[in-house]
Each structure stands twice: as C-alpha cells, then as structure tokens.
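Undergrad: Curious how this folds, go ahead:
(chains A and B)
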Amino acid sequence: MVTAPQTEAALTPRQGGPDTASLACRLTAWVAGVFAVLVGLNLWVGHVGAKADDPLKSPQLKAYKEQLRLSPADKQLKQSIRQLDLELRQRYFRQLSQTGLGVYLLLGSAAVFVLAITQGARLRKRVPMPGPKADDPEQSVRSAARARWSVAGSGAAIGVLLFILSLGWGTALPKQTAELEKLLGPNDRAGAGGLNAAGQAQASDAATPEELRQNWPRFRGADGSGVSIFTNVPTSWDMKTGAGLAWKVPAPARGFGSPIVWGERVFFSGGDALKCEVLCLDGNTGQTLWRQPVAGGPNGPTQADVPDSTGYAASTVATDGRRVYALFANGDCAAFTLEGKPVWSKSFGALSNPYGHATSLATWRDRLIVQLDQGDGEDGKSKLYALDGRTGQIIWQRPRKTGATWATPISIEEGGRSQVITLAAPLVIAYSADDGSELWRADCMNGEITPSPVFAGGLLFVASPSEKLMAIRPDGQGDVTKTHQVWAVEDNVPDVTSPTSNSDLLFMLTTSGMLTCLDAKDGKKQWDHDFEIEFHASPNLAGNRLYLFSQNGTAVVVEAARQFRELFRTEMGDALHASPAFARDRIFLRGVTNVWCVGAAAREKIAGKQ
Amino acid sequence: MSLSLRFANRHLSACSLALRKGSIVSRTWPAWLGILLLSVTWTFAEQRFPPPDFESGHQLPVTTTPPARALTLEYLDVAVLAGCLGLASWMVYRRRSRTGLVALSIFSLLYFGFWRKGCVCAIGSLQNVSLALCDRGYAVPLSVIAFFVLPLVLALFAGRTFCAGVCPHGALQDLVLLKPVKVPAWLEQALSVLPFIYLGAGVLFAATGSAFIICQYDPFVPIFRLSGRTLMVLSGAALLMLGMFVGRPYCRFLCPYGALLKLGAIVAKWRVRVTPDYCTQCRLCETSCPFGAMREPQASPAGAQALTRDRRRLALLLALAPVLLVGGAWLGSAFSAPASRLHPTVSLADQLASAQGTAPKFGALSPDDLALERARQTPREILTEAVAIQRKFATGGWIFGAWVGLVIGSKLISLSVRRQRTDYEPDRGGCFACARCFEFCPNELVRRGLMPAAVPIASSAASPQLPGRS
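TA: The predicted model follows:
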C-alpha cells in the first residue's frame, strides 16, 4: 500500500532551478498579457473608428456625388471625387490590413501568455495535502438537499421565463385556416391575393368620368385612346417668333414618360439611379410648383439594372383627380396629393425587364392599376395589381403567365362591366376592375408588345407589333380568340406607337414614319403616307386633326379624314419621344431638352379649379 | 428599346411594306432577316456597357468563381475526426497520458478550430440532423451525419473522450485554464440542467427551420474565424477569461452536444478511473478535478429513519415527475407561439397581419418595410406557410416543454438516489476524460515508474507526522 509520506517525497518539486524558470515564466506572462491587452484595445479603437472611414457610407462623398449630378460637366468636382474616393479606400483597406495583423498579434500574445502561465504554474506545483476530514455522515445529505433546491429553483426560473415570454410576445396570426380566409378578405376569391383592406368600405373619392374627360389624367388621355375632347387645340405655331407657344422651360428631370394634366397643373416623373422624383409644373407659366423625391430603400431609389435607353422614368404618371401616382423602372411607386404632399410609397422590387419597365399607370375610380409584366412568362413574376389609391394597399392582384411587356392597360365600361384590358404576348386579357376576376382572353399577340390598346366605337383595337392589328369585340366571356375578332390587318402595323381612333377612322403610325388610315368598322385602308422620319410618340386626335411628333423634333398636323392632307409642319428643335398631353386649348410636350406648352399665352385661372 | 433592335424592326417593317400580304414568303423572310440581324446585334449588345478605359493601363481582373470545396476533403475531415477520437480514447484508457491529450487538444484546436474555422462541428451538426429528420426537403451531407454520430457512438463505449481532446471548443477552454476555482456543488447542479434546456431549444428551432441558434450564438467560432459580430467576439473573450478560473464553463453549463454525450457516458461500457489499480483512499485526488467531476466515497444511510425519509422523498419526486412533464408541456405550448416568430416567414406574416389597416408609410423604406412590401404581394402564400409553421411549433413546443419538465424531474430524482461508492472516482457523465487526475494518484505514479512500489509501513510511532494530519 502506498503511504502519504512516500507520496510526498516523490511528488515534492525540485528546489532551486525552477525558481528562476518560474520567474522567467511569470515575467513572460506579464509582458505577453500587457501586450495582448494593448493590442486588444488598439483593435477595439480601430474597429470603432473604421465605421467612419467606410467609403460606401461617407457623407462627404455622397454630397460630392449629388453635386456632380447637378453639374455633370464639372471636371474639378470629378477630380475631387476621385481623390476622396481613393483616400477613403486606402484608409479603409489599411485599417482592414492592420486589423488582420492585430488579430494575429493578439492571438499570438494570448497563446504566449497562456503558455507562460501554465508553465510557471507547473513549476510551482505543490503536492495536494488534504486536510483532516470531519466525520459528518449528514454532510452529503445536506449537500444533496441543497442541490435539489437549487435545481428546483433553476427549473422554476426557467418556467417563469417561459411563462413571461409567452405572455409578452404574442402574435397577430390566426391559428386556423378558416381564420386565415377571414384575414385575406372577400377580394381574395380564387386566390387573387389582397388583405382585407379597411379602405374598401369608404366611398370612392376619385373624380367623376366627366372630370376625367376634361383633363388628361394618364398616358394618352382619360381613356387611353389619345383623343382629346377639345376642338380648340392649336393647329399651328411659329417656332421662330414664338407665336402660338405659351412657354418653354428646360426639362427639370430626365425621363421618357409623357406629361399628364389636371386642371392648371402638369405632372410628370423623372430620375436616375441617384434620385427619382415626381414634378409638378404650372400649366400657365411652366414654373415648377413642386418636386418630390421617391425612394424605395433607406439609401435612396431601389438599385436596379435599368438600361439608359429606357431610363428610370419611362412610365407615365397617372392621376385620379385627387392624387398623382408614379412608378419607376426600379419598382418604386408613390402617391402624392395634387399639392405635392406625400401620401404613400411602396416598392415592388427591381423589375426584370430586358429593355427597362415602361408600362404606364392607369386608374379606375380611386384605384391604381399597375401592370408589372416581367421575365419570360414561365417564372411567375408577372402580375396585375389594383391598389387602393388612398393607402397603397393591394386590393387585388392577379398572377399572369405572360412575359415582359411595355403596353399600358386601359379601363373601359362595356355592357355594364368595368374592364381592365391588358396586352402581353401571347394574350389579350380583360379583368374585372372590381375584383380582378378574368372576364375574357384572346390568344392573338406575338413579339414585344409595346403599342397600347385603344377602345373606340365599341371595338377594342390591339396591335401585335409589326404583325397584325386587330379589332376585337370586348363583350365576350372566356376564350374569345376565334369568336370575337371583327377584323385584322397586317400591313404597316406599328411596333412602338399606339394607334388612335375617333370611332370612324383609325390611325396607326410605325416607327419608320408610315402613317396609315383605316376605317374603324371594317379595317379597310383609306390611305397611307410615309413621312420617312422616325416616331416614338403616339399619334393623337383633337377634333378633325391628327398630331404627330417625331423623334428628331418634327411636329406634323394632318387632317383626320379619309384623304391625306398635311396641314402644318414645323421643327421643334428638340428630340420628342414622349406622347403629348392635351388640355383644353393647349398641347404639352416633353422633349429631351425642354418641356413645351403650345397654345395661347398664360390665361387667368378658371375660378374654382386648379 | 435599344437602337439596334429598333433598326432591325424598322427594316422588318420596310420589307413587309414592299411585299404584298398573303404571300407566305413575304411573311417569313423578314423574320429570317430579323434573326440574322439580331445575331449581329448581340455583338453590339455585348459592347453596350464596355468597361472604362483606364489611363494608367490598369487591366480589369477577370471575374472568377471559387470552386466548391472538394467532397474528398469533407471525408478527410471525417477521417481526421475518427482518427482523433481513436487516439483520444487510447490516450485516456491505455496510455493514460495527459501530455498526449494536451498535444491532441492543440492539434484539434488548430485543425478543427482555426483551419476548418469551427465548421462543421459535432455541436452544430445536431441541428442539421434535427432539421433533416423533420424536413424531407433538407439534404444533410453524410460528413455532417458522421460528425454527429461518431462521438456519440464512442461515448457509449469510452465516455466523453470527444471532449477530452477532439472538440476544439473544449480544447480551447482546457488550454486556457490557469487557476481553477471550485464551483459550489449546489450551483453546479443548478446550472447543469442548462445544457439540456439549450439542447431542447436548439432542436426545436432547427427542426422547424427557424434558426440554427447553437451556431448563431457559438461564442468561440468568431475566435476561430478571427472575425465576427462584436457581441459574439466579446462573449467568446469573456467566456475564455472566465474559463481561466472556472474550468470549461461552456462545456459544463451550455454545450448542448455535451448533454447528449453525458447521457451516453453514463451508460458507457468503459469508464475513466483515477487509479490504474485500486483506490487507496489517500484523498490526494480529491481536488484534482478542476471541473467538479470527482466523487467521494459514499456510504449507505446510517439508520432506518434516514432510509425511510429518502424513500419517501424519492416516491414524492417520482409522483411529481408526470406533473412536471405535463406542466412543462403546457408551458412549452404557450411558448411556442412567440417562439415561432423566430422563423423569418412567421415574423414577416405577423408583421403583415399587424400592418393591416395601419396608415401608409412614405419615404425611404427600411429593409423591414421593404420585406413587408414584398410580402403584401403574396399574402396568401406567406400567411398559409406561416400558419403551417406555427402548427409545427405548437407540436414542437409541447415536446420541448415536456423535455424541460423531464430534465428537471430526472435531475431531482437523481439527486435523491443515494449511491454507494467505495472509491474516489469521476462522475460518469461529468468527467471530460482530461486525464488531469491521473498524476495525483500514487498508483499511477508507480505505474509510470516515477515512484517505487509500496512497502508495508511499520508501527504508527515510527511514521513521520505530516503537517495537518492527526
């Protein structure tokens, strides 16, 4: 049997030499420990300070970039931006490199510290000398009792914690599927998708149809046909003397969306990756009344890959007479009062569109109709939304198995039904404006659908670009592909511009400048004329005149009759891609360089109307 | 539309104008021309966004994608794990070498910790396995299963040899232990239930696909990766500093995988013994364990009264156990609804349901608001999925709560059972097999040749008195 004294003799550490080694270990541990603390502190200070040097978040750089946006030709500013960017990046990466080195130093010094301490402890190790043990048989009993109470206390504490968490952190979600249906609401019949918006119970505050016709509240007018009800629109103006031109102002923002008009105000949107905004000009003077930014994300507009050829603001704004709505190519959408007060904003996320989103907004009563056709049709990204204009909440939404499109929907009243007509390859689909249910569809579209539909004389005119223009009766139900097409033509079908019709005649204009006049009832060609200049802006009718504005700024007025007669032509000196807006006796044009108002000079405000 | 495509379209229109309609050729050959032109325009499209011309002659680096980690390397990790487990067991049971275990710990720390950056590890793998068992769509790699299973299987035979020198977390804490302080037994017992609770919570959140909380809140992985969230880096540093004085705090009071190993070690075929031979009751190993795992000899109760009291207490606790189970299950089910909000879909759906009827927001939306906007576009899908997840949580909550009740009840019962012990021996579940206690045993020193074998002592009058001994 081994006895304690022998054990002690064997285990007593050596004397003399280890004292020096132990001292050396202690000293090393001190030095390493202090070094580790200093390095740790340095890392902490560096970590706190590094946030300010982040080149992506530098406020000074952001300010410079904003200045550059306003003065893009400032070379000195560009140089300053480059210099500051370089400095920030150098500082940032230097900090990263120092942090990396510092971490290794910290790790190394901590390892040395631990090693020195353990070695020193090993050298100073003493044999354990257990003291006398009291003869207390109940000690283990007491110890176990204490342990049981402590475990019980631990369990009670956990129980209380779980109880408190269950009380204070509830959820608004229903537990049963039946309650889920209640939450989704009646407008989610057949999965249209939309929460039971509280606003539905309120009466509509939108303008009346008559008010809408008196203005130009969306792309191509109240009904999207490009026809103005006013007949006193100017037929000529003099670019040299300015006679017949009310005003011309530099374009305050970049964009290809058309202007709209409500009362004495002109609205349009503009922007780029740094800033997207909605603008309002005084229709009498061209003065900017207000401009409001729209930002979908915390750092500004939602970042998206938007081709420059389309830009962020190709989609025309719309108004229901109470609010003006805007949608940008990055999916940011917003509503403002006509006085410019923000109402709501939302983001649909970056839109997947090869040329950039250009479909404009439409309204129906107090609802905003948003057609977001994206991708290739198979990826399930395309949707049609009806939003509550007052709150932006989705009232209903419909998934669509269609690819990207650039045509704008229109809302029509036909046979007691309020319909939203949408175009996208390969379908024309009509939805109920009320609940989004599909009314009818026709499989007749092909290619990249850009011309918007037009409803006139009881017929719906739709263009499959460069292929076929069709007249369809919109009173069908289900698949009307074979049953409701009245006529179709295949010559001179436009690829970009939308047709226009006064119910008697239909006019269509190709990008290359071929203008064709058809009989709206049977599609028989009356005449065609090749201007040999390019057009992106859609033709418009006012009275018996057809207005055309070319890409290079040529304005042409043609008689809207069964024989071709050019009435007026002039050069605006500005590239015109956007379709014009007509309001009373004025034409509003948005060029690349200027915004124009063709008509009489500033008149007095009409009492009671803005 | 791009100018190139418009150019192509204009030509198509011009061509169709020149030819009469009704001619099939007139309709098809412009299409072929278009295809030809389009194929040309693609080359223009590639240069549509050319890189800038650098005046300094800088060459833009070619974008590359790093390849995925080779599968063979994953199996190499498993092989290294198996090798280390075998080596650890051999070190503990055959060589009985603390030095060998320290060397193995350093290797494990460097390989599994700093080289593999703490992932995959056995501790986190239990979440992968939980999720795979509950979600058929989740494919768990074989290597992860191996990391989960191998140490557990070994624990059934050799106890917690994984903790001894293979787990990088344990290795790190073991190496920084400088001056161990004894944790009072009552506190040790109270805290010993936490790993089981953490295990239950980790499995609950992993199985429902909510979060891998064990990985998210691992305090040592930021140290292995030399970077991490500030809070976790500080937690790791704090635990390590605590670990200089309190032995293996994470292993003893938090590690959920350790809870499983503990259960395995309790029924292990082999167990760690302080002495290689027989216990001499010299008490030299009493304070040898820095982790509070050393158990002293314990005699049976002195009298019938004590025995009756013990039996009554045990019967009461056994009767209480089902109550604790049911009570725990009820608490768990109540907790399940708020716990489900840790799942991102449930959280988003909850926001969606709460935001109904609220005033519209304007301006730069925060990321949470943007997520809400996205959710508003697919409310049915999100709400339906959220309700399904909540139902999973309801079931899981019951199980988790019952588990908590079971853990507390079992612990109380185990503390009421008197165990007879004649020797000093490590607690079967609590011993990390670190081999620290071996060198305190005189029989071990004899085995190592550091001490001569025992000689019988003469009369007590001839033995020198040691200070402090009567």
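
Undergrad: what's around residue B:323, how many residues?
TA: Neighbour count for residue B:323, taken as other Cβ atoms under 10 Å in any protein chain shown: 11. Backbone N, C-alpha and C define where each C-beta goes, glycine included.

Undergrad: Look up how far residue B:413 lies from it.
TA: The gap separating residue B:323 from residue B:413 is 13 Å, by Cβ to Cβ, to the nearest Å.

Undergrad: anything in contact with each of the two?
TA: When contacts are counted by Cβ atoms under 8 Å, 6 or more residues apart in numbering or on different chains, residue B:323 and residue B:413 have no shared neighbour.

Undergrad: I figured residue A:42 hits residue A:102, correct?
TA: Yes: Residue A:42 is within contact range of residue A:102, at 6.2 Å (criterion: Cβ atoms under 8 Å).

Undergrad: So the two - more neighbours on which side?
TA: residue A:102 (18 against 15).

Undergrad: tell me the mean pLDDT for the helix or strand that one falls within?
TA: For residue A:102, the host element (DSSP states H and E) is helix A:75-123. Mean pLDDT, computed over helix A:75-123, is 90.

Undergrad: same question, stretch A:234-245
TA: Throughout stretch A:234-245, pLDDT has a mean value of 89.

Undergrad: With stretch B:257-271 instead?
TA: 95.

Undergrad: so how far is that stretch from its chain's centroid?
TA: 17 Å (Cα atoms, centre = their mean, to the nearest Å).

Undergrad: Stretch B:89-101 too?
TA: For stretch B:89-101, the distance to the chain centre is 26 Å (Cα atoms, centre = their mean).

Undergrad: any residues touching it, and which ones?
TA: Applying Cβ under 8 Å, 6+ apart, the external contacts of stretch B:89-101 come out as B:87-88, B:104, B:154, B:157-159, B:161, B:164-165, B:270, B:272, B:276, B:433-436, B:438-439, B:444, B:447.

Undergrad: 10 Å instead?
TA: For stretch B:89-101, contacts defined as Cβ atoms under 10 Å, 6 or more residues apart in numbering or on different chains pick out B:87-88, B:102-104, B:154, B:157-162, B:164-166, B:171, B:174, B:270-273, B:276, B:431-439, B:441, B:444, B:447-448.

Undergrad: The helix holding residue A:102 close to chain B?
TA: Yes: residues of helix A:75-123 contacting chain B under Cβ under 10 Å from any Cβ of the partner chain: A:99-100, A:102-104, A:106-107, A:110-111, A:113-115, A:117-118, A:120-121.

Undergrad: For chain A, tell me which of the contacts of stretch B:89-101 show up nearby.
TA: Restricting the contacts of stretch B:89-101 to those near chain A by Cβ under 10 Å from any Cβ leaves B:102, B:439, B:441.

Undergrad: Show me the helices in the stretch 51-200 of chain B, by range?
TA: Here the stretch 51-200 of chain B has its helices, by DSSP state H, counting those that start in this stretch, at B:71-90, B:98-108, B:122-134, B:142-158, B:161-165, B:168-176, B:185-191, B:194-207.

Undergrad: quick one, which of the ones you listed is nearest to residue A:581?
TA: helix B:194-207 (57.0 Å; Cβ to Cβ).

Undergrad: packing partners for the closest one?
TA: When contacts are defined as 3 or more Cβ pairs under 10 Å, 6 or more residues apart in numbering or on different chains; DSSP states H and E, helix B:194-207 packs onto helix A:139-168, helix B:122-134, helix B:213-216, helix B:249-253, helix B:256-266, helix B:304-340, helix B:379-416.

Undergrad: Save the helices of the stretch 51-200 of chain B as CSV, and put in mean neighbour count, mean pLDDT and distance to residue B:427 too.
TA: Formatted as CSV, these follow (neighbours: other Cβ atoms under 10 Å in any protein chain shown; pLDDT from 0 to 100; distance: least, Cβ to Cβ, whole Å):
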stretch, mean neighbour count, mean pLDDT, distance to residue B:427
helix B:71-90, 17, 95, 19
helix B:98-108, 19, 95, 18
helix B:122-134, 22, 96, 21
helix B:142-158, 20, 96, 14
helix B:161-165, 30, 94, 13
helix B:168-176, 25, 95, 16
helix B:185-191, 19, 94, 10
helix B:194-207, 23, 96, 14
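
Undergrad: Low-confidence ranges, the stretch 301-450 of chain B, go.
TA: Residue ranges of the stretch 301-450 of chain B with pLDDT under 70: B:301-302, B:357-361, B:363-365.

Undergrad: For residue 95, the count of nearby residues, please.
TA: Since you didn't name a chain, this refers to chain A. 16.

Undergrad: Oops, wrong one, chain B.
TA: Using other Cβ under 10 Å, residue B:95 has 13 other residues around it.

Undergrad: Residue A:60 now?
TA: 11.

Undergrad: just checking, it is part of a helix?
TA: Yes: Residue A:60: assigned to a helix according to DSSP: H, G, I helix; E, B strand; the rest coil.

Undergrad: who touches residue B:439 in this structure?
TA: Residue B:439 makes contact with A:11, A:125, B:96-99, B:274, B:284-285, B:288, B:445, B:448, B:450, according to Cβ under 10 Å, 6+ apart.

Undergrad: Please repeat the previous calculation with a cut-off of 8 Å.
TA: B:98, B:445.

Undergrad: With the one 4 residues further on instead?
TA: If you count contacts by Cβ under 8 Å, 6+ apart, residue B:443 has them with A:2, B:275-278, B:280.

Undergrad: Kindly reformat those residues as CSV containing distance to residue B:121, secondary structure and pLDDT.
TA: Output for the contacts of residue B:443, formatted as CSV (distance: Cβ to Cβ, whole Å; DSSP: H, G, I helix; E, B strand; the rest coil; pLDDT from 0 to 100):
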residue, distance to residue B:121, secondary structure, pLDDT
A:2, 42, coil, 39
B:275, 33, coil, 90
B:276, 32, coil, 88
B:277, 37, coil, 84
B:278, 39, coil, 86
B:280, 40, coil, 86
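
Undergrad: Around the nearest residue to residue A:25 once chain neighbours are set aside, how many other residues sit close by?
TA: Distances taken as Cβ to Cβ, 6 or more residues apart in numbering or on different chains place residue A:120 nearest to residue A:25, at 3.3 Å, with adjacent residues excluded. Residue A:120: 21 surrounding residues under other Cβ under 10 Å.
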